[in-house]
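K.L.:
Show me how the following folds:
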Amino acid sequence: MNVSGYDYLLYFGLPSCSQCRGLKENLKKADVVYEESKEYDKYGITEVPVLVLIGYHKNNVMKEVKRHVGYMTVEEINEFLKLSSVERRNEDVYQREKKKWEVQNIKPRRGQFRTEEEM
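P.N.:
Purely as a prediction, here's the structure:
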């Protein structure tokens, strides 16, 4: 399973860590494509195992979307990736709607959308 809507999933772990080995096995069972990384400082990794989801956003800028520290079952891994796809779609929809609001001079207020004349 490829990580939908994202470029890659980073895995940080150590061979001597039992939780890391378990997480790595579950990633394989879930058929998730991931990349092992040793760039602990770059991503601020102080504990293992860690999954970091990286994706492209506006203007092809790479951005950390979310991370998880600790062991995960196959079901938890699938839920982690499923939720991330929803978050990505919601962010994309929000950005498109925000542009429309700016063009139409609409400003959100207290959870509602009103035009300048109505405010």
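K.L.:
which stretch of helix or strand covers residue 46?
P.N.:
Taking DSSP states H and E as the definition, residue 46 sits outside all helices and strands.
K.L.:
Find me the pLDDT at it, would you?
P.N.:
As predicted, residue 46 sits at a pLDDT of 94.
K.L.:
List the contacts of it.
P.N.:
Neighbouring residues of residue 46 by CB atoms under 8 Å, 6 or more residues apart in numbering: residue 40. C-betas here are computed from N, CA, C, even on glycine.
K.L.:
ok, it to residue 67 distance?
P.N.:
12 Å (CB to CB, to the nearest Å).
K.L.:
swap in residue 13?
P.N.:
Counting by CB to CB - residue 13 and residue 67 are separated by 13 Å.
K.L.:
of the two, who's got more company?
P.N.:
Between residue 13 and residue 67, counted using other CB atoms under 10 Å, the more crowded position is residue 13 (20 against 16).
K.L.:
And for the more buried one, nearest residue in space, chain neighbours not counted?
P.N.:
In space, not counting the residues next to it along the chain, residue 13 is nearest to residue 20; the distance is 3.2 Å by CB to CB, 6 or more residues apart in numbering.
K.L.:
quick one: which helix or strand includes that neighbour?
P.N.:
Assessed by DSSP H and E, residue 20 sits inside helix 18-29.
K.L.:
got the buried residues for that helix?
P.N.:
For helix 18-29, the buried set under the neighbour-count rule, 16 or more other CB atoms under 10 Å, comprises 19-20, 23-24, 26-27.
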